[in-house]
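Asks: Can you look at this prediction? I've put the sequence above it.
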Amino acid sequence: MLNPVRDNIILDVIEQETTTSGGIVLPGSAVEKPYRGVVVAVNESFAMPDGTVKKAETAVGDIVYFGKTHGTEVQYQNKPYLVISEEFILCKESHHD
């Protein structure tokens with residue numbers, strides 16, 4: 001598996017639905033870039049530029065929401081992933097939902 005460095009995390013992106021609840025199929029241009037993903041790899045802690053150590057706010061298995069323009073898509077073993085800085089994670093779903 002890929003191992004992120006510093007505050008980066010690796011996401012398995014959750015693709016958006018291409019069919020509306022009414023059954024209308026949306027063309028590719030009408031579907032926005034995915035903005036949710038499942039964390040598949042994260043550093044539990046990492047060094048900040050000032051030398052302090054910060055604990056990660058995400059964990060493997062978390063479903064997170066991120067800005068649409070952030071992250072870098074990578075391929076690993078023929079599967080796409082998104083590498084993104086934890087700073088660009090907007091929120092995560094509660095495990096109690």
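Replies: Nice, I can see it. Numbering: from 1, shown residues only.

Asks: how about Ile63, what does it touch?
Replies: Ile14, Arg36, Gly37, Val38, Val39, Lys92, Glu93 (CB atoms under 8 Å, 6 or more residues apart in numbering). In short, each C-beta sits where N, CA and C put it, glycine included.

Asks: isn't the first one right next to Val40, touching?
Replies: No. The pair Ile14 / Val40 is not scored as a contact, 11.8 Å apart, by CB atoms under 8 Å.

Asks: tell me the pLDDT at Ser94?
Replies: We have a pLDDT of 79 for Ser94.

Asks: doesn't it fall inside a strand?
Replies: No. Assessed by DSSP: H, G, I helix; E, B strand; the rest coil, Ser94 does not belong to a strand; its assignment is coil.

Asks: what's the neighbour count on it?
Replies: Around Ser94 sit 8 other residues, with neighbours defined as other CB atoms under 10 Å.

Asks: Check Asp50 too.
Replies: 5.

Asks: Chain neighbours aside, what residue packs nearest to Glu86?
Replies: Take Glu86 and drop its neighbours on the chain: the residue closest to it by CB to CB, 6 or more residues apart in numbering is Asp7, 4.5 Å away.

Asks: ok, that neighbour touching Phe88?
Replies: No. Counting by CB under 8 Å, Phe88 is not a contact partner of Asp7; they are 9.6 Å apart.

Asks: So the two - more neighbours on which side?
Replies: The residue with more neighbours, out of Asp7 and Phe88 and counting by other CB under 10 Å, is Asp7; that gives 21 against 15.
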